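>>> below is the sequence, then the predicted model.
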Amino acid sequence: MNVFGWINDQLLRMQWLADLVSAAVSATGLDPASRIGGSVHFFVYDVIKIFILLSVLIFSISLVQSYFPPERTRRILGGRSGIGANILAALLGTITPFCSCSSIPLFIGFTAAGLPLAITFSFLISSPLVDLASVILLASIFNWSVALVYVFVGLVVAVVGGTLIGRAGMEDQVAEFVRTAPVHDMSETMIWPKRLNYARDQLSEIIHRVWLYVLIGVGIGAAIHNWVPESVISGLLGQDKWWSVPVATIIGVPMYADIFGTLPIAEALIGKGVGLGTVLAFMMAVTALSLPSIIMLKRVVKLPLLALFLVVVTGGILGIGVLFNAITHWFI
């Protein structure tokens, strides 16, 4: 095995942890290959692995994020236009480990500062949908091809979605209080101890916010992986079913979770033969189209603009799901 393969298996997939948990399950008298033993192994292994990776990644990424406070991000995007500005906004969204609800205050600040809707919506879509931590976590559960595919399609949805919304000329559909909100420049040059404290606080906040969703997601994943027959899953979400992508998208919308909570479910679905496109559609619907974020967004934009946002993002998710179902064999 090459060095990269060893790093991927031992540091990201944590094969050593899987072996350790397997030995611990066996020591209790349970067979890791049985339904109950397999469920226990899946749950314990995934929970420990996800929280280890989350702790390391969120702390590291928060240090990077400390160099890009909202004021600096706004200045970077200010005065830019065109597809290049949309791409830059989507890329900047990837270094903000926020859920969709906490991205909306940034959306308000950017809009109040006079940034075009195309740029603000590209950022708003990308911020909850794609982040650097999700890349590593996806690679740890699937492989680097799947991780990079998810990032690519997420950025495509953000860039295309923002561009289409910007060209619709619906600036008057933003709530008046958003356009007139005061803009405060509170940027400062952090010294290193402050950056460390910021990273620690971000880690604490995000773990506090996602831990329950991770446990629920891993529990659902363990149930799917060990208790739901493959015939049932393939009958509902099989690659040969034309409705699999729309159904996965509809199922994802009412759920409210970060990508970290959806990953164990996605892992179990892939293991049951569900297409990559269907799984991507589910993950994107959970992170970009959750009901709480839609309700919050309705408070800052009028109904026509909200409807356009939902149509554009949903259409992008469905299109990407169908496309990647057709080429799943390239990646898995």
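Everything's here; your move.
>>> low pLDDT regions in the protein?
Across the chain, the ranges flagged by pLDDT under 70 are 1-5, 68-71, 79, 96-103, 178-189, 254-258, 329, 331-332.
>>> hmm, try it at 50
Residues of the chain that meet the criterion pLDDT under 50 lie in 186-187.
>>> quick one: the strands in it?
Using DSSP state E, no strands are found in the chain.
>>> what sits up against stretch 199-206?
Residues from elsewhere that reach stretch 199-206, judged by CB atoms under 8 Å, 6 or more residues apart in numbering: L54, S55, I58, F59, S60, S62, L63, Q65, S66, P97. Where C-beta positions appear, they are placed from N, C-alpha and C, glycine not excepted.
>>> just put those in a markdown table and tack on neighbour count.
Shown next, in a markdown table, are those (neighbours: other CB atoms under 10 Å):
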| residue | neighbour count |
| --- | --- |
| L54 | 22 |
| S55 | 13 |
| I58 | 24 |
| F59 | 16 |
| S60 | 15 |
| S62 | 22 |
| L63 | 16 |
| Q65 | 21 |
| S66 | 17 |
| P97 | 26 |
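>>> which of those fall in helices?
Applying DSSP state H to the contacts of stretch 199-206, the entries found in helices are L54, S55, I58, F59, S60, S62, L63, Q65.
>>> and of those residues, the nearest to Q239?
Taking CB to CB as the measure, Q239 lies nearest L54 of the ones in helices among the contacts of stretch 199-206, at 30.7 Å.
>>> can I get the contacts of stretch 199-206 in CSV including distance to K241?
Formatted as CSV, the contacts of stretch 199-206 follow (distance: CB to CB, whole Å):
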residue, distance to K241
L54, 33
S55, 38
I58, 37
F59, 41
S60, 40
S62, 41
L63, 44
Q65, 40
S66, 46
P97, 34
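>>> between these, which is nearest L137?
Of the contacts of stretch 199-206, the one sitting nearest to L137 (CB to CB) turns out to be L54, at 7.6 Å.
>>> isn't that closest one right next to L263, touching?
No - using CB atoms under 8 Å, L54 is not in contact with L263, being 10.5 Å away.
>>> give me the common contacts of those two.
L137.
>>> and stretch 279-298, what's buried?
For stretch 279-298, the buried set under the neighbour-count rule, 16 or more other CB atoms under 10 Å, comprises 279-290, 293-294, 296-297.
>>> same question, stretch 190-209
By 16+ other CB under 10 Å, the buried positions in stretch 190-209 come out as R195, Y198, A199, Q202, L203, I206, R209.
>>> for stretch 24-38, same thing?
V25, L30, P32, G37, G38.
>>> in the contacts of stretch 199-206, find the pair that's most separated.
The largest separation in the contacts of stretch 199-206, counting by CB to CB, is between L54 and S66 at 18.0 Å.
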